[in-house]
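>>> Predicted coordinates and the sequence they were generated for:
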Amino acid sequence: MPGDELRRADRPIRICGDDTLGVSFDDPLVCQVVAEQLRQSGTWLESVAGIDCVVVQFDALTTSLNAARADLAASVCTVSTQTDVQTSLVEVPVCYGGEFGPDLDVLCTTLGLSVEELIELHVATEYRVDMLGFTPGFAYVGGLPDELNVPRLARPRLRVEAGSVGIADGRSGLYAMPGPGGWPLIGRTPMQLFDPAADQPFVLHAGTRVRFHSIDADEFRQLDRQ
């Protein structure tokens, strides 16, 4: 059964801090599903999904570490790991290469692909956001084709523009805000991925499905002005 592994008594509970505990899972989507159920249970101050773990925060003033560990161990034996949940699909326009994707040509040479082939591979897949982190709103987007698997840059950039799209380690990475970064950059989207005035400031969330489509520089600038 899908939940059998979850119900094993030997699933380890890790101490992550004075008031935080973590439990590991193999699937980012399972992490999201479990984190949401723990969040809704009302037992924890916070429940956060990572790529391969869920971290919970408890009130250390009222709950001992041992009691919290026991509570979490009991909780993960009862939550559902069914991942057939419906999530929103976000279409992300990307202008590939040139000033927007300064690493595209080097990656094509490294991978033995033409620019057109790399773009076709990148836009052909439906992806899912595994988690947000690193910088506010930065989206780790899982599902990158094996043909595009490359390492991160040996020397990170001090500044990467908001909307930049990188690939590394089996994922695409989307920068919601400007800042440092070490992902090879293949393009940039004119979408405003972070809007501090909006009710939901970030467009992408853990679990969001993503599809990229290619636009040219004129389309980028037109959309960027909207």
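Here it is on my side, so go on.

>>> Just give me the longest helix of this structure.
helix 28-41 (DSSP state H).

>>> Could you point out the helix or strand that follows it?
Scanning the chain past helix 28-41 towards its C-terminal end, the next helix or strand to appear is strand 46-49 (assignment: DSSP states H and E).

>>> Packing partners of that next one?
Taking 3 or more CB pairs under 8 Å, 6 or more residues apart in numbering; DSSP states H and E as the contact definition, the neighbouring helices and strands of strand 46-49 are helix 28-41, strand 53-57. From N, CA and C alone the C-beta is placed, and that goes for glycine too.

>>> Lowest mean pLDDT across the ones you listed, which one is that?
Considering those one by one, the lowest average pLDDT is found for helix 28-41, at a mean of 88.

>>> which of the residues in that one are buried?
Of all the residues in helix 28-41, those buried under the rule 16 or more other CB atoms under 10 Å are 28, 29, 30, 31, 32, 33, 34, 35, 36, 37, 38, 39.

>>> Packing partners of the longest helix of the chain?
The helices and strands touching helix 28-41, judged by 3+ CB pairs under 8 Å, 6+ apart, are strand 46-49, strand 53-57, helix 65-76, strand 127-132.

>>> Next, the angle strand 127-132 makes with that helix.
Using axes from the mean of the first three to the mean of the last three CA atoms, to 10 degrees, the interaxial angle of helix 28-41 with respect to strand 127-132 works out to 50 degrees.

>>> to the chain's geometric centre, what's the distance from helix 28-41?
The chain centroid and the centroid of helix 28-41 are separated by 15 Å, computed with CA atoms, centre = their mean, to the nearest Å.

>>> what sits up against that helix?
With contacts defined as CB atoms under 8 Å, 6 or more residues apart in numbering, helix 28-41 is touched by 6, 25, 44, 46-54, 56, 75-76, 79-83, 85, 128, 130-131, 142, 206-207.

>>> Can you select the buried ones among those for me in PyMOL?
With 16+ other CB under 10 Å as the criterion, this PyMOL line picks the buried residues out of the contacts of helix 28-41:
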select buried, resi 6+25+44+47+48+49+50+53+54+56+75+76+79+81+128+130+131+142+206+207
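
>>> Tell me how the chain divides into domains.
Taking automatic domain parsing as the domain assignment, the record places the domains of the chain at 13-76, 89-224.

>>> Tell me the secondary structure at the closest residue to residue 94 other than its chain neighbours.
The shortest distance from residue 94 to any residue other than its chain neighbours is 4.2 Å, reached at residue 187 (CB to CB, 6 or more residues apart in numbering). Reducing the assignment to helix, strand or coil with DSSP: H, G, I helix; E, B strand; the rest coil, the entry for residue 187 is strand.

>>> In a strand, residue 212, correct?
Yes - following the definition three-state DSSP, residue 212 is counted among the residues of a strand.

>>> Would you mind stating the distance between residue 155 and residue 182?
In this structure, residue 155 and residue 182 are separated by 8 Å, where distance is defined by CB to CB, to the nearest Å.
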